[in-house]
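Visitor: Predicted model, plus sequence, below.
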Amino acid sequence: MHFEVQHLDPGSQARAGRITTHRGHIHTPIFMPVGTAGTVKAVPQKVLQEDVQAEIILGNTYHLYLRPGVEILEAAGGLHQFMGWHKPILTDSGGYQVYSLAQKRKLTEEGVTFRSHINGSQHTFTPEGAIDIQRSIGADIIMALDECTPYPCPYAYAKSSMELTHRWLKRGVDHFDATKTQHNAYQTLFPIVQGSIYKDLREQSADAIAATDRPGNAIGGVCHPNGMLYEVTTWVCAILPTDKPRYLMGVGTPQDLLECIGIGVDMFDCVMPTRNGRNGRLFTTQGIVNIKNRKWKTDFSPLDKNLGGHVSTYYTKAYLNHLFHAKELLGAQLASTHNLTFYLWLTQQARLHIVAGTFRDWKNKVLKVLMQKI
């Protein structure tokens with residue numbers, strides 16, 4: 001993987017770049033649709049490519065390991081072949097999903113033992129094992145196993161957790177480097193910054209992650225409702241190297257994307273556009289729409305005429321209102337596709353304004369419109 005910064009915004013830390021991978025280019029800043037179990041929920045791969053124009057999607061190591069399992073994925077030739085997606089894929093390490101099984105897991109120095117949410121069977125992820133699973137999945141960018149620190153947590157726990165993540169990282173990096181072959185030499189490993197909300201821990205972690213000299217770096221553990229997302233991201237981006245992509249995991253709203261692009265983040269993922277879409281909440285260039293509301297019942301205007309996607313410009317608000325009230329599955333598909341089209345449009349617009357040197361003023365102006373409810 002190769003990354004080059006192509007433009008810097010004079011009024012912020014935002015940058016426009018290009019990641020070159022074995023399976024194609026990724027133009028940053030970029031939003032990556034989440035395909036947890038080998039599918040972006042309700043959105044076919046052809047639609048992702050042609051309508052949404054996604055350049056990279058995510059898979060989830062925990063879910064893919066449990067179902068369909070690494071044996072099936074290996075027999076299929078990897079996740080790309082299995083799901084019919086031939087652009088880049090990023091997989092997380094499964095650390096966050098295991099963290100969410102707080103009552104069904106046990107952390108040790110060796111790794112984390114957990115019980116499947118599907119059938120209760122017991123499994124163990126180690127730093128080395130997480131690498132091996134992602135080797136089988138075949139993703140282009142893979143993550144090192146980390147402990148996603150709970151929130152809130154005392155300083156002592158956050159410090160201990162961060163140090164465990166760093167020790168796991170050393171083992172994961174060593175195993176990754178020892179197992180790289182011609183068959184999987186295209187894969188790239190990202191380490192993950194942790195440290196909760198504590199500035200000195202976040203800075204220590206960013207220093208440790210940068211010192212591993214991997215081709216890119218991730219920032220984890222920021223999805224908590226404490227209002228410190230921008231502060232934590234600023235601390236970390238001030239330390240992570242400028243010549244490597246920065247991936248902020250699990251973020252977020254349109255405002256979060258634009259604010260964090262301004263801080264210097266390059267890559268984002270979040271389930272928000274598809275989850276909100278399945279529940280009838282649409283992001284548009286005019287503001288946020290609850291398509292189930294009565295006011296849209298006779299509105300025959302397009303979902304959003306300003307977006308380039310077929311779904312957003314062809315189908316009407318009245319039609320989606322009908323689909324949701326009729327509980328038709330097509331409603332979830334169209335709404336999810338529309339929201340992903342909006343998110344990719346948003347990062348594309350951010351890139352254009354970075355190139356033009358107008359990102360900061362555009363961001364401050366457009367957010368007043370995008371985040372209003374209409």
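Guide: Happy to help now that I have it. The structure displayed is predicted, hence computed values, not measured ones.

Visitor: From one end of stretch 311-329 to the other, what's the distance?
Guide: Start and end residues of stretch 311-329 are separated by 15 Å (CA to CA, to the nearest Å).

Visitor: Please compute how far it lies from its chain's middle.
Guide: Chain-centre distance of stretch 311-329: 27 Å, with CA atoms, centre = their mean, to the nearest Å.

Visitor: which residues are in contact with that stretch?
Guide: 42, 47, 51, 280, 282, 289, 291-293, 296-305, 307, 330-331, 334-335, 337-338, 341-342 (CB atoms under 8 Å, 6 or more residues apart in numbering). All C-beta atoms are positioned from the backbone trio N, CA, C, and that covers glycine.

Visitor: do the same with stretch 203-210
Guide: Against stretch 203-210 from outside (CB under 8 Å, 6+ apart): 162, 165-166, 169, 191-195, 217, 235-236, 239-241.

Visitor: So which bits of it are buried?
Guide: Within stretch 203-210, the residues scored as buried using 16 or more other CB atoms under 10 Å are E203, Q204, S205, A206, A208, I209, A210.

Visitor: need the residues you listed in JSON lines with secondary structure and distance to T21, can you?
Guide: What follows is the buried residues of stretch 203-210, written out as JSON lines (DSSP: H, G, I helix; E, B strand; the rest coil; distance: CB to CB, whole Å):
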{"residue": "E203", "secondary structure": "helix", "distance to T21": "30"}
{"residue": "Q204", "secondary structure": "helix", "distance to T21": "30"}
{"residue": "S205", "secondary structure": "helix", "distance to T21": "26"}
{"residue": "A206", "secondary structure": "helix", "distance to T21": "24"}
{"residue": "A208", "secondary structure": "helix", "distance to T21": "25"}
{"residue": "I209", "secondary structure": "helix", "distance to T21": "21"}
{"residue": "A210", "secondary structure": "helix", "distance to T21": "21"}
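
Visitor: export those to JSON lines and tack on distance to D266 and pLDDT?
Guide: Output for the buried residues of stretch 203-210, formatted as JSON lines (distance: CB to CB, whole Å; pLDDT from 0 to 100):
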{"residue": "E203", "distance to D266": "20", "pLDDT": "98"}
{"residue": "Q204", "distance to D266": "22", "pLDDT": "98"}
{"residue": "S205", "distance to D266": "19", "pLDDT": "98"}
{"residue": "A206", "distance to D266": "15", "pLDDT": "98"}
{"residue": "A208", "distance to D266": "20", "pLDDT": "98"}
{"residue": "I209", "distance to D266": "15", "pLDDT": "98"}
{"residue": "A210", "distance to D266": "15", "pLDDT": "98"}
